[in-house]
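K.L.:
Could you look at this predicted model? Sequence included:
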Amino acid sequence: MATLELGILVSGSGTNLQAILDAIADRSLDARVRLVISNRAGVQAIERATRAGAPASVVSHKSFPDRPSFDRALVDALRAAGVQWVVLAGFMRVLTPTFLDAFPMRVINVHPALLPAFPGVDAQAQALAYGVRVAGCTVHFVDSGTDTGPIIAQAAVGVRDDDTRDALAARILVQEHKLLTTVLRWISEDRVHLVPSGDGARARVRIDGESGALFAEQVP
Ligand code: GAR
(Lines give C-alpha, C1' and ligand atoms only; values in the text may rest on other atoms or scores of the structure.)
Protein backbone atom coordinates (compact mmCIF):
# COMPACT_ATOMS: atom_id res chain seq x y z
CA MET A 1 0.00 0.00 0.00
CA ALA A 2 1.45 3.30 -1.10
CA THR A 3 0.91 6.75 0.37
CA LEU A 4 -1.84 8.59 -1.52
CA GLU A 5 -0.49 11.65 -3.30
CA LEU A 6 -3.43 14.05 -3.19
CA GLY A 7 -4.43 17.17 -5.03
CA ILE A 8 -7.41 18.93 -3.49
CA LEU A 9 -9.62 21.39 -5.34
CA VAL A 10 -11.61 23.85 -3.23
CA SER A 11 -13.76 26.95 -3.61
CA GLY A 12 -14.76 27.98 -0.11
CA SER A 13 -14.48 27.33 3.59
CA GLY A 14 -12.47 24.13 3.28
CA THR A 15 -13.81 22.11 6.21
CA ASN A 16 -13.57 18.91 4.14
CA LEU A 17 -9.98 19.82 3.31
CA GLN A 18 -9.41 20.33 7.04
CA ALA A 19 -10.81 16.87 7.80
CA ILE A 20 -8.28 15.37 5.35
CA LEU A 21 -5.40 17.39 6.81
CA ASP A 22 -6.41 16.33 10.34
CA ALA A 23 -6.69 12.65 9.36
CA ILE A 24 -3.20 12.79 7.84
CA ALA A 25 -1.85 14.57 10.93
CA ASP A 26 -3.29 12.00 13.34
CA ARG A 27 -2.07 9.19 11.06
CA SER A 28 -5.49 7.68 10.44
CA LEU A 29 -4.94 8.38 6.72
CA ASP A 30 -1.78 7.48 4.82
CA ALA A 31 -1.70 10.38 2.37
CA ARG A 32 0.20 13.54 1.47
CA VAL A 33 -1.44 16.75 0.25
CA ARG A 34 0.77 17.67 -2.68
CA LEU A 35 -1.25 20.69 -3.77
CA VAL A 36 -4.43 22.57 -2.87
CA ILE A 37 -5.93 24.71 -5.62
CA SER A 38 -8.76 27.18 -5.13
CA ASN A 39 -10.53 28.81 -8.05
CA ARG A 40 -11.37 31.73 -5.75
CA ALA A 41 -8.95 34.03 -3.97
CA GLY A 42 -9.23 34.89 -0.29
CA VAL A 43 -11.10 31.77 0.79
CA GLN A 44 -10.64 30.09 4.15
CA ALA A 45 -9.57 26.85 2.49
CA ILE A 46 -6.29 28.43 1.37
CA GLU A 47 -5.61 29.62 4.93
CA ARG A 48 -6.26 26.11 6.24
CA ALA A 49 -3.80 24.60 3.74
CA THR A 50 -1.14 27.19 4.53
CA ARG A 51 -1.55 26.68 8.27
CA ALA A 52 -1.02 22.93 7.79
CA GLY A 53 2.06 23.52 5.62
CA ALA A 54 0.41 22.18 2.47
CA PRO A 55 1.27 23.91 -0.84
CA ALA A 56 -1.67 26.00 -2.00
CA SER A 57 -2.41 28.26 -4.92
CA VAL A 58 -5.24 30.16 -6.54
CA VAL A 59 -6.09 29.47 -10.18
CA SER A 60 -9.05 31.65 -11.09
CA HIS A 61 -11.38 30.28 -13.73
CA LYS A 62 -12.01 33.89 -14.73
CA SER A 63 -8.48 34.16 -16.14
CA PHE A 64 -9.26 31.62 -18.87
CA PRO A 65 -11.34 31.96 -22.03
CA ASP A 66 -13.10 28.60 -21.62
CA ARG A 67 -13.47 25.56 -19.36
CA PRO A 68 -10.94 23.31 -21.16
CA SER A 69 -8.14 25.87 -20.89
CA PHE A 70 -8.87 26.35 -17.17
CA ASP A 71 -8.86 22.57 -16.75
CA ARG A 72 -5.56 22.28 -18.65
CA ALA A 73 -3.95 24.75 -16.23
CA LEU A 74 -5.22 22.71 -13.27
CA VAL A 75 -3.90 19.47 -14.77
CA ASP A 76 -0.48 20.98 -15.44
CA ALA A 77 -0.17 22.30 -11.87
CA LEU A 78 -1.37 19.04 -10.29
CA ARG A 79 0.92 16.89 -12.43
CA ALA A 80 3.91 19.11 -11.73
CA ALA A 81 3.19 18.63 -8.02
CA GLY A 82 3.16 14.83 -8.32
CA VAL A 83 -0.55 14.39 -7.66
CA GLN A 84 -2.08 10.95 -8.30
CA TRP A 85 -5.58 11.31 -6.83
CA VAL A 86 -7.75 14.42 -6.95
CA VAL A 87 -10.39 15.28 -4.35
CA LEU A 88 -13.11 17.83 -5.06
CA ALA A 89 -13.76 19.21 -1.59
CA GLY A 90 -16.37 21.90 -2.04
CA PHE A 91 -15.10 22.72 -5.54
CA MET A 92 -17.92 24.49 -7.34
CA ARG A 93 -16.85 24.07 -10.99
CA VAL A 94 -17.77 21.30 -13.42
CA LEU A 95 -14.71 19.57 -14.88
CA THR A 96 -14.41 18.76 -18.58
CA PRO A 97 -12.86 15.66 -20.20
CA THR A 98 -9.63 17.68 -20.51
CA PHE A 99 -9.29 17.24 -16.76
CA LEU A 100 -10.96 13.87 -16.28
CA ASP A 101 -8.95 12.14 -19.01
CA ALA A 102 -5.76 13.24 -17.26
CA PHE A 103 -6.80 11.46 -14.03
CA PRO A 104 -9.03 8.61 -15.21
CA MET A 105 -11.11 7.27 -12.29
CA ARG A 106 -8.78 9.10 -9.94
CA VAL A 107 -11.09 12.04 -9.15
CA ILE A 108 -13.59 11.86 -6.29
CA ASN A 109 -16.19 14.35 -5.11
CA VAL A 110 -18.17 14.84 -1.92
CA HIS A 111 -21.73 16.01 -2.46
CA PRO A 112 -24.21 17.02 0.27
CA ALA A 113 -27.12 14.81 -0.84
CA LEU A 114 -28.01 11.18 -1.33
CA LEU A 115 -27.39 11.04 -5.07
CA PRO A 116 -28.94 10.69 -7.55
CA ALA A 117 -31.37 12.94 -5.67
CA PHE A 118 -30.53 16.63 -5.60
CA PRO A 119 -27.43 17.08 -7.77
CA GLY A 120 -26.00 20.54 -8.45
CA VAL A 121 -26.04 23.61 -6.25
CA ASP A 122 -27.47 23.89 -2.73
CA ALA A 123 -28.48 20.26 -2.46
CA GLN A 124 -29.40 20.72 1.20
CA ALA A 125 -32.00 23.38 0.35
CA GLN A 126 -33.31 21.20 -2.48
CA ALA A 127 -33.75 18.27 -0.04
CA LEU A 128 -35.52 20.42 2.53
CA ALA A 129 -37.79 22.01 -0.08
CA TYR A 130 -38.72 18.59 -1.44
CA GLY A 131 -39.65 17.33 2.02
CA VAL A 132 -37.46 14.23 2.21
CA ARG A 133 -37.12 12.59 5.61
CA VAL A 134 -33.65 11.19 5.05
CA ALA A 135 -30.96 13.46 3.64
CA GLY A 136 -27.23 12.82 3.61
CA CYS A 137 -24.06 12.91 1.58
CA THR A 138 -22.32 10.95 -1.15
CA VAL A 139 -18.72 10.36 -2.13
CA HIS A 140 -18.46 9.35 -5.77
CA PHE A 141 -16.09 9.08 -8.69
CA VAL A 142 -16.38 12.08 -10.96
CA ASP A 143 -17.46 11.75 -14.56
CA SER A 144 -18.35 14.47 -17.03
CA GLY A 145 -21.92 14.88 -15.73
CA THR A 146 -22.97 16.94 -12.74
CA ASP A 147 -22.72 14.63 -9.70
CA THR A 148 -23.46 11.56 -11.84
CA GLY A 149 -20.37 9.36 -11.43
CA PRO A 150 -20.24 5.91 -9.77
CA ILE A 151 -21.18 6.09 -6.09
CA ILE A 152 -18.56 4.90 -3.60
CA ALA A 153 -20.26 5.54 -0.25
CA GLN A 154 -23.18 7.37 1.31
CA ALA A 155 -24.15 8.52 4.79
CA ALA A 156 -27.73 9.15 5.90
CA VAL A 157 -28.84 12.10 8.03
CA GLY A 158 -32.40 12.42 9.35
CA VAL A 159 -34.37 15.57 8.55
CA ARG A 160 -36.07 17.22 11.54
CA ASP A 161 -39.46 18.88 11.48
CA ASP A 162 -37.98 22.22 12.51
CA ASP A 163 -34.89 21.99 10.29
CA THR A 164 -33.51 25.00 8.51
CA ARG A 165 -31.26 24.75 5.49
CA ASP A 166 -28.22 25.75 7.57
CA ALA A 167 -28.98 23.37 10.45
CA LEU A 168 -29.40 20.46 8.06
CA ALA A 169 -26.27 21.45 6.10
CA ALA A 170 -24.24 21.56 9.32
CA ARG A 171 -25.31 18.03 10.33
CA ILE A 172 -24.62 16.72 6.83
CA LEU A 173 -21.19 18.39 6.86
CA VAL A 174 -20.16 16.45 9.97
CA GLN A 175 -20.92 13.24 8.08
CA GLU A 176 -19.14 14.48 4.94
CA HIS A 177 -15.93 14.80 6.92
CA LYS A 178 -16.21 11.22 8.19
CA LEU A 179 -17.29 9.76 4.86
CA LEU A 180 -14.63 11.50 2.79
CA THR A 181 -11.73 10.54 5.06
CA THR A 182 -13.07 6.99 5.36
CA VAL A 183 -13.28 6.60 1.58
CA LEU A 184 -9.77 7.98 1.18
CA ARG A 185 -8.55 5.44 3.73
CA TRP A 186 -10.25 2.64 1.78
CA ILE A 187 -8.62 3.92 -1.41
CA SER A 188 -5.20 4.04 0.27
CA GLU A 189 -5.77 0.43 1.32
CA ASP A 190 -6.61 -0.43 -2.31
CA ARG A 191 -10.08 -1.66 -1.33
CA VAL A 192 -12.16 0.45 -3.74
CA HIS A 193 -12.78 -1.13 -7.13
CA LEU A 194 -14.84 -0.05 -10.09
CA VAL A 195 -16.85 -2.96 -11.42
CA PRO A 196 -17.58 -2.43 -15.11
CA SER A 197 -20.83 -3.79 -16.40
CA GLY A 198 -21.65 -5.23 -19.77
CA ASP A 199 -24.71 -4.23 -21.80
CA GLY A 200 -24.40 -0.48 -21.26
CA ALA A 201 -25.48 -0.49 -17.59
CA ARG A 202 -23.76 1.75 -15.07
CA ALA A 203 -20.41 0.74 -13.65
CA ARG A 204 -20.68 0.12 -9.92
CA VAL A 205 -18.21 0.30 -7.07
CA ARG A 206 -17.19 -2.58 -4.83
CA ILE A 207 -15.39 -1.98 -1.55
CA ASP A 208 -13.56 -4.95 -0.08
CA GLY A 209 -15.04 -5.75 3.33
CA GLU A 210 -17.42 -2.76 3.43
CA SER A 211 -20.90 -1.94 2.18
CA GLY A 212 -20.22 1.77 1.68
CA ALA A 213 -23.36 2.64 3.65
CA LEU A 214 -23.03 4.74 6.78
CA PHE A 215 -26.11 5.18 8.94
CA ALA A 216 -24.88 8.19 10.74
CA GLU A 217 -27.85 9.47 12.66
CA GLN A 218 -30.86 7.80 14.10
CA VAL A 219 -33.83 9.14 12.18
CA PRO A 220 -35.92 11.02 14.76
C1 GAR B 1 -19.77 20.83 1.25
O2 GAR B 1 -21.05 20.68 1.84
C3 GAR B 1 -19.70 20.07 -0.06
O4 GAR B 1 -20.38 18.84 -0.02
C5 GAR B 1 -20.37 21.03 -0.97
O6 GAR B 1 -19.86 22.30 -0.60
C7 GAR B 1 -19.56 22.26 0.79
C8 GAR B 1 -18.12 22.69 0.96
O9 GAR B 1 -17.77 22.80 2.31
N10 GAR B 1 -20.07 20.71 -2.33
C11 GAR B 1 -20.97 20.81 -3.30
O12 GAR B 1 -22.09 21.20 -3.14
C13 GAR B 1 -20.45 20.38 -4.67
N14 GAR B 1 -21.55 20.00 -5.51
P15 GAR B 1 -16.25 22.93 2.74
O16 GAR B 1 -15.61 23.98 1.81
O17 GAR B 1 -16.33 23.43 4.15
O18 GAR B 1 -15.60 21.59 2.62
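P.N.:
Okay, I see it.

K.L.:
what number of residues lie near the residue of the chain found nearest the ligand?
P.N.:
Nearest residue of the chain to the ligand: residue 90, at 2.6 Å (C-beta to the nearest ligand atom). Quick note: C-beta positions are derived from backbone N, CA and C, even for glycine. Neighbours of residue 90 under the rule other C-beta atoms under 10 Å: 24.

K.L.:
Would you tell me which residues of this structure are close to the ligand?
P.N.:
10, 12-16, 45, 89-90, 110-112, 123, 173, 176 (C-beta under 6 Å from any ligand atom).

K.L.:
Pull out the buried residues from the worst-scoring helix or strand of the chain on mean pLDDT.
P.N.:
The helix or strand of the chain with the poorest confidence is strand 213-215; it has a mean of 79 (mean pLDDT, DSSP states H and E). Under the neighbour-count criterion of 16 or more other C-beta atoms under 10 Å, strand 213-215 has residue 214 buried.

K.L.:
can you pull out the strands in the chain?
P.N.:
Here the chain has its strands, by DSSP state E, at 4-10, 31-38, 56-58, 85-88, 107-111, 134-141, 151-158, 192-195, 204-207, 213-215.

K.L.:
Now do the same contact list for residue 15.
P.N.:
Residue 15 makes contacts with 90, 173, 177, as judged by C-beta atoms under 8 Å, 6 or more residues apart in numbering.

K.L.:
try 10 Å this time
P.N.:
Going by C-beta atoms under 10 Å, 6 or more residues apart in numbering, residue 15 touches 44, 45, 48, 89, 90, 173, 174, 176, 177.

K.L.:
for residue 29, same thing?
P.N.:
Contacts for residue 29 (C-beta under 10 Å, 6+ apart) come out as 3-4, 6, 19-23, 180-182, 184-185, 187-188.

K.L.:
Narrow those to those in helices?
P.N.:
Judged by DSSP state H, helices contain the following of the contacts of residue 29: 19, 20, 21, 22, 23, 180, 181, 182, 184, 185, 187, 188.

K.L.:
pretty sure the first one contacts residue 185?
P.N.:
No. Checked against C-beta atoms under 10 Å, the pair residue 19 and residue 185 is beyond contact range at 11.7 Å.

K.L.:
With neighbour numbers in mind, choose between the two.
P.N.:
Neighbours around residue 19 and residue 185, counted as other C-beta under 10 Å, are more numerous at residue 19. The numbers are 22 against 17.

K.L.:
What is the neighbour count of residue 62?
P.N.:
Other residues near residue 62 number 7, with proximity taken as other C-beta under 10 Å.

K.L.:
Same check on residue 8?
P.N.:
By other C-beta under 10 Å, the residues close to residue 8 number 28.

K.L.:
again with residue 110
P.N.:
Neighbour count for residue 110, taken as other C-beta under 10 Å: 24.

K.L.:
so what's residue 50 up against?
P.N.:
Neighbours of residue 50 in contact, by C-beta under 10 Å, 6+ apart: 36, 56.

K.L.:
One more: the one 4 residues further on?
P.N.:
Shown here is residue 54, whose contacts under the criterion C-beta under 10 Å, 6+ apart are 6, 8, 17, 20-21, 24, 32-36, 46, 48.

K.L.:
low pLDDT regions in the chain?
P.N.:
Scanning the chain for pLDDT under 70 picks out the ranges 216-220.
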